[in-house]
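*Asks:* What would the 3D arrangement of this be:
(chains A and B)
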Amino acid sequence: MIKVFNLYKSYGGLSPILQDVSFEIKDGEFAFLTGQSGAGKTTLFKIFFGWEKFDRGQVLVSGFNVGKLNEQKVYLLRRKIGIVFQDYKLLTKKTVFENVAFAQYVIGAEIKSIRTKTWNALKNVGLVKKKDFYPSQLSGGEQQRVSIARAIVNDPDLILADEPTGNLDSEIAKEIFLLFEKLNQQGKTVIIATHSAEILREKKCRNLSLNRGKLFQS
Amino acid sequence: MNSFLSHIFKSTFLNIESNKQLFLLSIVTNFVAFSVLGLFFLLFVNLDMVFSSWDKHVQLIVYLDDKISNNDKIKIENLFESNIKIESIIFISRDQAWKKFQGEFSSRSKFITSLKFNPLPDSYTLRFKNDLNRLQNIREFSEKIKNQKGIESIEYGEKWIYRFEQFINFLRVFIISFGVVLFSGLIFIISNTIKLSIYTRKDEIDLMSLLGATHRFIKAPLLFEGILQSTGGALLALAAVKLVHLYIIFQFQGSLESTFRGFDFQYLTTPLICSILIAGMVIGVFGSLLPVNHFLKMRNLK
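*Replies:* Predicted coordinates:
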């Protein structure tokens, strides 16, 4: 699913944000990407979905050679990835249903398919009853569920979640992690960037740890 | 395709809705700029028409020497007849010319009736065939014959025509330069409006891109919004120029007709109307493409 070879990325500071990072994530794997703030987790994710360029190395995601991806073609890669953000990135003027449907709408899906797939995605995260609510009427956990529904509605192979529980209390965070586990059981490859030590202690998953730009695996 | 079109219309409408005042302001600016350009065009079209109607009446008058020999006269007549661009040749003897002159001016000046001799020469009035280069044909022919033996002088109002032609050319250059300045100014105005439109919806555009929208999908509504602003302004300007045209006809057609011999005050020609509308569209496209491309580049998406 993901292969990273000798990846270097620098923002022009004294030391690079990513230094000689190499690893592989197989199809259907569930992995954590950990490290302190500024360790390079978000940068690595951004490289995966073609939002950031890198200086050296090779990155293969879902069959795409990210470094060689033409800017006009980067959308093809992004359609294979579902992204979940810490701040949810929901559109405040759209309802829950519209927010999820938006992901289908922007890739030009048929109206019939938009309805069915949005409905299924909401069912998957348990938010059908709140489909007509606006984000401001939802709790943090519910908003993150909407964000997850939006990430899975296009049926991506890979889900990247960047600090998905960063703004949530531990009980809600556990529910969200259960949701990711459920998606993983459905066959999705899931990578979660987090700095929550508690979650890591509980889950016996693969951990890719970033420290000062270098990767340590366990 | 249908859903793509509906996306363009829907998103454009939402953009306009969220930046209503700015959108209207941009249309008004475009309207004012295109109106000024349109009025210049209106002036140009009508002056050009006056000029061409005068051009049609221009005749070449060849005055002969008093002491011209018969042989030279025949040579000159042969020159006239060999030119296929000449439509008609009328000979006016000095007596005919004098009679006509006295008839027209004797009531105005006693000096004319008191003259005891005829000061006018024999002359030929040459009418040239109507074609696009009529004036040029007259000019070339007059150059060719002006040094011919037996010809005293040639007259077709050259200096006067030259000045008017210069004025028309100046107006043409002025309108083109003015159009170029206006073009750049309008692109700048539209690009600023679209820039604000983009920044109002920055999060949504970012999200679209993250979710896998194509550049075309992101750009199309913003492009359409820019085109709407400039062509909307251009259309309103054409309507305003039409109103000015109707007002001038209503108020001054009578006096214009008598001053310029049957002159009919015209509205802009179809090619000019099309040019203004096409210019509007081009301005809209460039005005929106500049900020959209810049934004996508800045967001590292391009």
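
*Asks:* Could you list the low-pLDDT ranges of chain A?
*Replies:* A:197-198, A:201, A:203, A:218 (pLDDT under 70).

*Asks:* gap between the residue nearest to the spatial centre of it and A:H195?
*Replies:* Among the residues of chain A, A:L160 comes closest to the average C-alpha position under Cα atoms, centre = their mean, at 2.0 Å. The spacing between A:L160 and A:H195, counted by Cβ to Cβ, to the nearest Å, is 16 Å. Every C-beta, even on glycine, is put in place using the N, C-alpha and C of the backbone.

*Asks:* ok so, going back, where does the residue nearest to the centre of chain A fall, helix, sheet strand or coil?
*Replies:* Under the three-state scheme (DSSP: H, G, I helix; E, B strand; the rest coil), the conformation of A:L160 reads as strand.

*Asks:* Write down the beta-bridge partners of it, one by one.
*Replies:* Beta-bridge partners recorded for A:L160 (DSSP bridges): A:I83, A:I191.

*Asks:* Verify the stated contact: it with A:G82.
*Replies:* Yes: at 7.3 Å, A:L160 counts as touching A:G82 under the criterion of Cβ atoms under 8 Å.

*Asks:* So for A:K130, what's the nearest residue that isn't a sequence neighbour?
*Replies:* Spatial nearest neighbour of A:K130, chain neighbours left out: A:V96 (5.5 Å); criterion: Cβ to Cβ, 6 or more residues apart in numbering or on different chains.

*Asks:* again with A:Q36
*Replies:* Closest residue to A:Q36 in three dimensions, ignoring its sequence neighbours and counting by Cβ to Cβ, 6+ apart: A:H195, at 6.2 Å.

*Asks:* and the one you found, what does it touch?
*Replies:* A:T34, A:G35, A:Q36, A:S37, A:E163 (Cβ atoms under 8 Å, 6 or more residues apart in numbering or on different chains).

*Asks:* Run through the helices of the chain in chain order.
*Replies:* Since no chain was named, I'll use chain A. Residue ranges of the helices in chain A, as given by DSSP state H, are A:41-48, A:74-78, A:96-105, A:111-125, A:140-152, A:170-185, A:197-202.

*Asks:* meant chain B, my bad for not saying
*Replies:* For chain B, the helices identified by DSSP H occupy B:2-18, B:20-57, B:70-82, B:94-105, B:110-114, B:134-145, B:158-200, B:202-210, B:215-259, B:270-298, in order along the chain.

*Asks:* Just send the helices of chain A back as JSON lines, with mean neighbour count too.
*Replies:* JSON lines is the format used below for the helices of chain A (neighbours: other Cβ atoms under 10 Å in any protein chain shown):
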{"stretch": "helix A:41-48", "mean neighbour count": "23"}
{"stretch": "helix A:74-78", "mean neighbour count": "21"}
{"stretch": "helix A:96-105", "mean neighbour count": "24"}
{"stretch": "helix A:111-125", "mean neighbour count": "17"}
{"stretch": "helix A:140-152", "mean neighbour count": "24"}
{"stretch": "helix A:170-185", "mean neighbour count": "16"}
{"stretch": "helix A:197-202", "mean neighbour count": "12"}
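
*Asks:* Nearest approach to B:F31 belongs to which of those?
*Replies:* Between B:F31 and the helices of chain A, the shortest separation by Cβ to Cβ is 34.3 Å, and it involves helix A:96-105.

*Asks:* Show me what stretch B:140-147 is in contact with.
*Replies:* If you take Cβ under 8 Å, 6+ apart as the criterion, stretch B:140-147 is touched by B:60, B:62, B:76, B:79, B:83, B:85-86, B:126, B:128, B:151, B:154, B:156, B:158.

*Asks:* Is there a neighbour count for A:T92? I'd like the number.
*Replies:* Number of residues near A:T92 (other Cβ atoms under 10 Å in any protein chain shown) recorded here: 9.

*Asks:* domain ranges for the chain?
*Replies:* Because you didn't say which chain, this covers chain A. A:1-80+A:157-218, A:91-155 (automatic domain parsing).

*Asks:* try again with chain B
*Replies:* B:2-54+B:165-298, B:59-156.

*Asks:* ok, and does the longest one reach over to chain A?
*Replies:* Yes: Domain B:2-54+B:165-298 comes into contact with chain A when judged by Cβ under 8 Å from any Cβ of the partner chain, the residues involved being B:3-4, B:7, B:203-204, B:206-215, B:217.

*Asks:* Let's see the ChimeraX selection covering just the buried ones among these.
*Replies:* ChimeraX command restricting those to the buried ones, with burial defined by 16 or more other Cβ atoms under 10 Å in any protein chain shown:
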select /B:7,204,206,207,208,209,210,211,212,213,214,215,217
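
*Asks:* What does the pLDDT read for B:L301?
*Replies:* In this model, B:L301 is scored at 47, pLDDT.

*Asks:* ditto for B:I90
*Replies:* 91.

*Asks:* cool, and the one 5 residues further on?
*Replies:* Looking at B:D95, its pLDDT stands at 87.

*Asks:* returning to that earlier point: how about the residue nearest to A:Q36, phi and psi?
*Replies:* Dihedral angles of A:H195 (phi, psi; degrees, to the nearest 10) stand at phi -120, psi 20.

*Asks:* measure it to chain B for me?
*Replies:* If you measure A:H195 against chain B using Cβ to the nearest Cβ, to the nearest Å, the figure is 22 Å.

*Asks:* related to what we said a few turns ago, got JSON lines for the domains of chain B, with distance to A:W119 too?
*Replies:* Rendered in JSON lines, the data for those read as follows (distance: least, Cβ to Cβ, whole Å):
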{"stretch": "domain B:2-54+B:165-298", "distance to A:W119": "18"}
{"stretch": "domain B:59-156", "distance to A:W119": "70"}
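
*Asks:* Most tightly packed of these?
*Replies:* domain B:2-54+B:165-298 (a mean of 17; mean count of other Cβ atoms under 10 Å in any protein chain shown).

*Asks:* so how far is it off the chain centroid?
*Replies:* The chain centroid and the centroid of domain B:2-54+B:165-298 are separated by 18 Å, computed with Cα atoms, centre = their mean, to the nearest Å.

*Asks:* Kindly provide the whole-number mean pLDDT of that domain.
*Replies:* So the average pLDDT for domain B:2-54+B:165-298 ends up being 86.

*Asks:* Look up phi and psi at the residue with the largest distance to the centre of chain A.
*Replies:* In chain A, the greatest distance from the average C-alpha position (Cα atoms, centre = their mean) is reached by A:L14, at 28.7 Å. Dihedral angles phi and psi of A:L14 (degrees, to the nearest 10) take the values phi -70, psi -50.

*Asks:* one step back: of the domains of chain A, which approaches B:S191 most closely?
*Replies:* In terms of Cβ to Cβ, the element of the domains of chain A nearest to B:S191 is domain A:1-80+A:157-218, at 21.3 Å.

*Asks:* Much appreciated, bye for now.
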